[in-house]
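Novice: Pasted the sequence and its predicted model underneath.
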Amino acid sequence: MGRQKNMKFVGTVGNVVYYKLKETYCVRAKPEEVQQTEATQNSADIFGTGAKLGAALRKAFIALLPDAKDSDMQKRVAAGWRDLLRKQQSGYRQGGRLITRFENFYFNEKAGGYAVLNKIVSVLYTEPGSLNISIASVNPVQELTAPKNTVSVNLLLAAGSFDTVAKKIIDQSFSNELIVYTDAATDIKQCSLQLQTTHNSCIVMAAALQFNTDKNGLPEADKRLMWLPAMIVGVWVTV
């Protein structure tokens, strides 16, 4: 900001702006217009898309998220989408699979139990949009570290397909497998999910554990964050 000398003028001449600030007449140059390059425009688009897809994912997985309002989790989900979108554009793959920040992504960093989730749930993706899910046998008492007075455990599974261009949910599915907390191995179970997809859509699957404890003879979900592990167990991009 400069001051006008020997003149009191308010207006614009070319690239120079003359104006009054309180009792002082000032002068300044107009800011230069910055033209976005194709790279900076693409980066801005990815940033905005990541935020919108993050909101869509939280909506699809609301039933298993420990704390949907966790701002740190929201930022990490958006960053995971941005990483995926960049690698989707570059075609970065390893063994036919897109490797992104969503590999073993923890929604709740305050909980344990993720090693058990990785052991219990395995998913095979087959085109187009088919998920074959295997739930391994587990001895709950011996393998699931649980809060005192646990009587059962809910294994929550959620899957969603997302349009990375329209930035919205295409399809979603949710299931709840009840595991009785006893010192006996559970049965191996198989199930499948079929999700609608579009060209270059993305399918995400998540799993979570919810412990139910005895409260005066009735089961009640333990909502303490340390007992609410939830994670992404698979991400696939259609072609």
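Specialist: Alright, I've got the coordinates.
Novice: wait, what's in contact with Trp81?
Specialist: The contact partners of Trp81, by CB atoms under 8 Å, 6 or more residues apart in numbering, come to Thr49, Gly50, Leu53, Gly54, Leu57. C-beta: built from backbone N, CA, C; applies to glycine.
Novice: What backbone torsions are found at it?
Specialist: phi -60, psi -40 (degrees, to the nearest 10).
Novice: contact partners of stretch 82-91?
Specialist: In contact with stretch 82-91 (CB under 8 Å, 6+ apart) are residues 46-47, 49-50, 98-102, 164, 200, 202, 235, 237.
Novice: Kindly provide the distance from Lys168 to Cys26.
Specialist: Per CB to CB, to the nearest Å, Lys168 is found 49 Å from Cys26.
Novice: Can you tell me the closest non-neighbouring residue to the most centrally placed residue in the chain?
Specialist: Central residue check for the chain by CA atoms, centre = their mean: the C-alpha nearest the mean position is that of Val77, 3.3 Å away. Counting by CB to CB, 6 or more residues apart in numbering, Val77 lies nearest to Gly54, which is 4.3 Å off, once chain neighbours are set aside.
Novice: In contact with that neighbour, which residues?
Specialist: Neighbours of Gly54 in contact, by CB under 8 Å, 6+ apart: Gln74, Val77, Ala78, Gly80, Trp81.
Novice: and it, that's in a strand?
Specialist: No - counting by DSSP: H, G, I helix; E, B strand; the rest coil, Gly54 falls outside a strand, being helix.
Novice: per-residue pLDDT, it?
Specialist: pLDDT recorded at Gly54 is 96.
Novice: Break this structure down into its structural domains.
Specialist: 1-33, 38-237 (automatic domain parsing).
Novice: just these: most buried one?
Specialist: domain 38-237 (a mean of 17; mean count of other CB atoms under 10 Å).
Novice: in a strand, that's where Lys75 is, yeah?
Specialist: No - per three-state DSSP, Lys75 lies outside any strand segment and is helix.
Novice: Mean pLDDT per helix and strand in this protein: which one sits at the bottom?
Specialist: For the chain, the helix or strand with the lowest mean confidence is strand 2-3, at a mean of 72 (criterion: mean pLDDT, DSSP states H and E).
Novice: Each with direction, which strands does that one pair with?
Specialist: Sheet pairing of strand 2-3 (DSSP bridges) gives strand 24-29 (antiparallel).
Novice: quick check: mean pLDDT across the strand it pairs with?
Specialist: On average, strand 24-29 scores 80.
Novice: for stretch 83-99, same thing?
Specialist: 73.
Novice: Any idea how far apart the tips of it sit?
Specialist: 9 Å (CA to CA, to the nearest Å).
Novice: quick revisit: what would the contacts of Gly54 look like in JSON lines with distance to Thr182?
Specialist: Formatted as JSON lines, the contacts of Gly54 follow (distance: CB to CB, whole Å):
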{"residue": "Gln74", "distance to Thr182": "37"}
{"residue": "Val77", "distance to Thr182": "35"}
{"residue": "Ala78", "distance to Thr182": "41"}
{"residue": "Gly80", "distance to Thr182": "37"}
{"residue": "Trp81", "distance to Thr182": "40"}
